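Visitor: My questions are about this predicted structure, shown below with the sequence.
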Amino acid sequence: MPEEDAANLELTPGVMQAMGAEALSRTVAHLASIGTQPARGDVDAEALCRAMREGPPEHGTDISALLDSLFNDWIPRSFTTPGPGYLAYIPGGGLFPAAVADFISAATNRYTGVWMAAPALVQLEANVLDWFRAWMGFPETARGLLTTGGSMAGFNAILCAREHLLGSDIRSGVLYSSTQVHHSVVKAARLAGILPDRVRSLPVDAAYRMQVDTLSRAVRDDRARGLRPFLVASTAGTTNTGAVDPLDAIADFCHAEGLWHHVDGAYGAFFHMCEELRPVLNGLARADSLTLDPHKGLFMPYGTGALLVRDGALLRAAHAVSAGYLPGTPDPDEFYDPSQYGPELSRGFPGLRVWLCLKLFGTARFRAALAEKRALAVDAATRIGRLPGVVMVAPPQLSLFAFYLTWPNATLADENEATRELLERVTARGRVMLTGCTVDGRALARVCVLSFRTRQAQIDACVEDVAAGAAALTSGRS
Ligand SMILES: Cc1ncc(COP(=O)(O)O)c(C=O)c1O
């Protein structure tokens with residue numbers, strides 16, 4: 001890099017080309033070997049992290065040396081989240097064209113926070129949101145927001161409902177969810193001023209779903225105490241067991257009681273794109289607001305969440321401001337202006353990555369991929385459920401299932417220990433990575449199929465490794 005003119009940070013076309021080519025070739029080589037990288041990298045890295053601490057560099061370094069450290073030493077010390085064997089947590093994506101889009105948006109660096117600064121680019125984001133709206137069966141009045149993830153989508157939904165239903169009387173408002181709700185909803189409530197003593201965590205049924213009669217009693221009790229129930233946060237695919245709450249019955253209840261129904265579809269909502277899976281998600285299209293996470297169900301890289309609000313005017317009312325120094329939008333009903341629908345002004349351009357991937361592949365291929373992930377989960381659950389010593393407690397409603405190990409006379413503590421040990425053994429084998437959860441004191445192993453790279457081969461590997469682990473941990477015990 002030329003040092004003679006220190007204030008000049010511009011690179012020549014030749015240097016840009018070479019830098020881009022080097023980053024591209026390393027990235028492509030990395031992705032080409034992703035299937036053979038261990039499903040969980042070596043994350044025992046405390047010493048490494050300590051050794052990495054350093055002051056700000058006064059002078060520059062050659063890019064090759066920097067990329068060497070990144071690709072050889074640091075990236076491998078992580079969960080292989082984009083790998084085909086990643087069946088842990090809720091798998092993410094990382095479609096390559098999304099990276100191309102991010103490169104273009106960062107390098108061209110246009111301002112997409114307000115409509116007037118880049119109208120055509122903002123229109124691409126508006127198109128993406130409108131496609132989501134149509135796939136989720138929301139009406140044309142709906143508007144939305146691309147966020148950094150499901151957590152921020154949930155936050156904006158609660159804020160919007162709070163503004164609309166509580167106004168300035170925030171303290172008396174009560175929010176309802178189940179014990180299985182994602183912790184981000186509780187956190188979002190707190191950020192939106194709904195403190196933990198105003199959040200009800202309702203017990204679930206045997207299939208880990210919210211129960212409307214329990215909800216109804218809780219709402220009645222709170223009203224009797226002079227509080228103001230305002231929002232029910234249900235889940236379309238819980239993180240623990242993949243349970244889909246009875247969305248339609250909750251929608252009926254909310255409608256009758258004048259409550260806002262927010263559906264957290266961070267994991268499950270995109271399955272609504274598949275016609276044949278809509279019955280599982282029945283009622284989702286009636287939600288007042290919906291979290292949907294393209295970095296899960298649309299296989300985007302992390303940092304891509306989304307929110308839809310049925311009555312878009314309410315989302316705008318929660319966020320719209322005017323400032324003398326900002327350019328206006330010709331007709332706010334016709335032209336979408338992200339800053340009027342969310343808390344941020346300057347932001348990246350997440351719309352481009354979603355738009356480019358959808359245009360390049362076409363929607364049909366996303367539907368096919370989602371349908372395949374569900375079929376793979378059903379196949380894995382069927383085969384694992386037949387193994388001796390396995391109790392399948394949550395068969396896949398979408399593409400996630402949960403189970404535990406048992407044997408004659410085993411205690412809960414024995415079963416928990418063996419189930420956790422199974423996860424460790426399967427993951428240590430390196431072909432797939434599994435994680436578990438604890439529900440009501442019971443340790444569960446879970447498998448979530450949502451990486452676009454997961455195909456039949458990884459499912460076969462998963463079943464084989466679970467079978468071997470289950471046999472070793474349960475057979476002959478009594
Ligand atoms: C059901 C559910 N809701 C919300 C979230 C939070 O989403 P994010 O991590 O994108 O903020 C997750 C994350 O896994 C989730 O599984």
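Guide: Sure thing, it's come through.
Visitor: all contacts plus neighbour counts: C-alpha atoms, from now on.
Guide: Will do.
Visitor: ok, A88 to the ligand distance?
Guide: A88 sits 10 Å away from the ligand, going by Cα to the nearest ligand atom, to the nearest Å.
Visitor: Grab the nearest non-local neighbour of L195.
Guide: Spatially, and ignoring its direct neighbours in sequence, L195 is nearest to A189 (6.8 Å; Cα to Cα, 6 or more residues apart in numbering).
Visitor: who's in contact with that neighbour?
Guide: Shown in contact with A189 (Cα atoms under 8 Å, 6 or more residues apart in numbering): F155, I158, L175, L195, P196, V199.
Visitor: how does it look with 7 Å?
Guide: F155, I158, L195 (Cα atoms under 7 Å, 6 or more residues apart in numbering).
Visitor: Just those residues: which are in strands?
Guide: The strands, defined by DSSP state E, take in nothing from the contacts of A189.
Visitor: ok, those vs the ligand, which is closest?
Guide: If you rank these by distance to the ligand using Cα to the nearest ligand atom, F155 comes first, at 9.8 Å.
Visitor: how many other residues sit next to P330?
Guide: Neighbourhood size, P330 [other Cα atoms under 10 Å]: 11.
Visitor: which SSE is it in?
Guide: If you go by DSSP states H and E, P330 is not part of any helix or strand.
Visitor: Per-residue pLDDT of it, please?
Guide: Note for P330: predicted pLDDT of 83.
Visitor: do the same with S322
Guide: Reported pLDDT for S322: 81.
Visitor: quick one: terminal-to-terminal distance for stretch 8-19?
Guide: End-to-end distance of stretch 8-19 (Cα to Cα, to the nearest Å): 17 Å.
Visitor: what's it in contact with?
Guide: Taking Cα under 7 Å, 6+ apart as the criterion, no residue outside stretch 8-19 touches it.
Visitor: Tell me how far that stretch lies from the chain's centre.
Guide: Centre-to-centre, stretch 8-19 and its host chain are 36 Å apart (Cα atoms, centre = their mean, to the nearest Å).
Visitor: Let me see the ranges of the helices in the stretch 351-478 of the chain.
Guide: 363-385, 412-429, 456-474 (DSSP state H, counting those that start in this stretch).
Visitor: and the angle from the longest one to helix 456-474?
Guide: Per axes from the mean of the first three to the mean of the last three Cα atoms, to 10 degrees, the angle that helix 363-385 makes with helix 456-474 is 20 degrees.
Visitor: buried stuff in helix 363-385?
Guide: Across helix 363-385, burial judged by 16 or more other Cα atoms under 10 Å covers 366-367, 369-381, 384-385.
Visitor: next one: the shortest one
Guide: Neighbour-count burial for helix 412-429 flags 415-416, 418-428 (criterion: 16+ other Cα under 10 Å).
Visitor: Which positions in the stretch 51-200 of the chain make contact with the ligand?
Guide: I90, G149, G150, S151, H182, S184 (Cα under 6 Å from any ligand atom).
Visitor: cool, the stretch 251-400 of the chain as well?
Guide: Within reach of the ligand by Cα under 6 Å from any ligand atom, the stretch 251-400 of the chain has these residues: D264, A266, Y267, G305.
Visitor: Going by neighbour count, which of those residues comes out on top?
Guide: D264 (32 neighbours).
Visitor: did I read that right, it in a strand?
Guide: Yes: assessed with DSSP: H, G, I helix; E, B strand; the rest coil, D264 lies in a strand.
Visitor: That one and A249: what is the separation?
Guide: 16 Å.
Visitor: Next: A206.
Guide: 17 Å.
Visitor: do the same with R223
Guide: Separation of R223 from A249 (Cα to Cα): 20 Å.
Visitor: Let me have the helices of the stretch 351-478 of the chain in TSV, extended by mean pLDDT.
Guide: TSV is the format used below for the helices of the stretch 351-478 of the chain (pLDDT from 0 to 100):
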stretch	mean pLDDT
helix 363-385	98
helix 412-429	98
helix 456-474	98
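Visitor: Could I get the full set of strands for the stretch 151-300 of the chain?
Guide: 173-178, 199-202, 228-235, 260-265, 289-292 (DSSP state E, counting those that start in this stretch).
Visitor: which other helices and strands contact the last one?
Guide: In terms of contacts (3 or more Cα pairs under 7 Å, 6 or more residues apart in numbering; DSSP states H and E), strand 289-292 is packed against helix 150-166, strand 260-265, strand 305-309.
Visitor: what's the offset of the longest one from the middle of its chain?
Guide: Same thing as helix 150-166. The chain centroid and the centroid of helix 150-166 are separated by 17 Å under Cα atoms, centre = their mean.
Visitor: Ok, the second one next?
Guide: On the basis of Cα atoms, centre = their mean, strand 260-265 is displaced by 15 Å from the centre of the chain it belongs to.
Visitor: do the shortest one as well
Guide: Relative to the mean C-alpha coordinate of its chain, strand 305-309 is positioned 12 Å out (Cα atoms, centre = their mean).
Visitor: Can you give the strand pairings for it, parallel or anti for each?
Guide: strand 143-147 (antiparallel), strand 289-292 (antiparallel) (DSSP bridges).
Visitor: what's the most buried one of these?
Guide: For those, the largest average neighbour count (mean count of other Cα atoms under 10 Å) is found in strand 289-292, namely a mean of 32.
Visitor: what mean pLDDT does that strand have?
Guide: What strand 289-292 shows for mean pLDDT is 98.
Visitor: same deal with stretch 107-118?
Guide: When pLDDT is averaged along stretch 107-118, the result is 96.
Visitor: And for stretch 89-96?
Guide: For stretch 89-96, the per-residue pLDDT values average out at 96.
Visitor: what ranges of the stretch 1-150 of the chain fall below the confidence cut-off?
Guide: 1-3 (pLDDT under 70).
Visitor: where do the helices sit along it?
Guide: Secondary structure of the stretch 1-150 of the chain (DSSP H, counting those that start in this stretch): helices at 13-32, 46-52, 63-68, 96-108, 119-135, 150-166.
Visitor: And the first one, what's buried?
Guide: Going by neighbour count (16+ other Cα under 10 Å), the buried part of helix 13-32 is H30.
Visitor: re earlier: neighbour-wise, which one of the residues of the stretch 51-200 of the chain next to the ligand leads?
Guide: G150 (29 neighbours).
Visitor: quick revisit: can you say which of the strands of the stretch 151-300 of the chain is nearest to C448?
Guide: Proximity to C448 (Cα to Cα) singles out strand 260-265 among those, at 14.9 Å.
Visitor: what's the closest of the strands paired with strand 305-309 to G342?
Guide: Going by Cα to Cα, the one of the strands paired with strand 305-309 nearest G342 is strand 143-147, 6.7 Å.
Visitor: Check the offset of that closest one from the chain's centre.
Guide: Remark: strand 143-147 is offset 14 Å from the chain centroid, using Cα atoms, centre = their mean.
Visitor: Kindly check the end-to-end length of stretch 308-317 for me.
Guide: Using Cα to Cα, the two ends of stretch 308-317 sit 14 Å apart.
Visitor: hmm, who's touching it?
Guide: 133, 138-139, 141-145, 160, 164, 288-291, 340-341.
Visitor: What about the residue nearest to M210 when sequence neighbours are not counted, how many residues nearby?
Guide: Distances taken as Cα to Cα, 6+ apart put V204 closest to M210, at 4.8 Å, once the chain neighbours are dropped. Using other Cα under 10 Å, V204 has 17 other residues around it.
Visitor: contacting residues around V204?
Guide: Neighbouring residues of V204 by Cα under 7 Å, 6+ apart: S178, T179, M210, Q211.
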